[in-house]
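Q: From the sequence below, what's the structure:
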Amino acid sequence: YRIWRHENARYIDQAGLIRKPSPQEQLQLRNALRAHGTATASTWTLAGPEKVFATDGSRAGEQTNVYSFTQCLAHPNYLYAGTEPGEIYRSTDMGANWQLCTLNDPLGGSVTAICCSPTDSSIVYAGSGDFIFKSVDGGNSWNVVLTASGLWANEILVHPADPNVVLITSDKGFYKT
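A: Residues are numbered from 1 along each chain as shown. The predicted model follows:
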């Protein structure tokens, strides 16, 4: 729902109805954004993670596709990034430096959702393929807490008032524990 809402929020009119622009209007909007955005594009730089590793631990590339991202509310300097090849990177300095957390614990597929407990930065959940993983040591090790064929988690949320409640949206539906 959050993804749908985000995609459609700009098209909701005063009556609460969704009015999407025509293809011609979309093209005009895109051209206007391109013309306006070129002046500020130079302020963006790659912050990482930049080191990509193969399953044997050897360096495999210069950058990775990040599919999921979270910031820990308990320690705002802690960031986690889940990547396409199934890696999780952690930064403890707001993204200045990144450490691969899953080199010896491959998750087996793209990390499509990741979330930190809002009260304990050592508790992290990650969704990859048919699995939801949990770390209780800040990402140093991971255990499977849910498995379902075709799960593919889209979002994970740890309830802010009760960290024992975890919500997951996925291709298979909505899960709660």
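Q: Geometric centre of this structure: which residue is closest?
A: Geometric centre of the chain, nearest residue: residue 68, 1.5 Å, by C-alpha atoms, centre = their mean.
Q: Look up how far residue 126 lies from that one.
A: Distance of residue 68 to residue 126, given as C-beta to C-beta, to the nearest Å: 8 Å. From N, CA and C alone the C-beta is placed, and that goes for glycine too.
Q: what residues are shared contacts of these two?
A: Both residue 68 and residue 126 are contacted by 82, 111, 113, 114, under the criterion C-beta atoms under 8 Å, 6 or more residues apart in numbering.
Q: hmm, back to that, dig out what the residue nearest to the centre of the chain forms beta bridges with.
A: Using DSSP bridges, the beta-bridge partners of residue 68 come out as residue 82.
Q: Residue 86 is in contact with that one, correct?
A: No: Residue 68 is beyond contact range of residue 86, at 11.4 Å (criterion: C-beta atoms under 8 Å).
Q: Give me the common contacts of those two.
A: With C-beta under 8 Å, 6+ apart as the test, residue 68 and residue 86 both reach residue 111.
Q: starting at the chain centroid, how far to stretch 18-34?
A: 27 Å (C-alpha atoms, centre = their mean, to the nearest Å).
Q: And for stretch 92-108?
A: The answer for stretch 92-108 is 13 Å, by C-alpha atoms, centre = their mean.
Q: Give me the secondary structure label for residue 7.
A: Of the three states, residue 7 takes helix under DSSP: H, G, I helix; E, B strand; the rest coil.
Q: List the contacts of the lengthiest helix in the chain.
A: Using DSSP state H, we find that the single longest helix of the chain is helix 23-37. For helix 23-37, the external contacting residues (C-beta under 8 Å, 6+ apart) are residue 21.
Q: Same check on stretch 96-108?
A: 47-51, 53, 55, 57, 80-81, 86-92, 126, 128-129, 131, 133, 135, 138-142.
Q: Show the buried residues in those.
A: By neighbour count, with 16 or more other C-beta atoms under 10 Å, the contacts of stretch 96-108 hold 48-49, 51, 53, 80-81, 86-92, 126, 128-129, 131, 133, 135, 138-139, 142 as buried.
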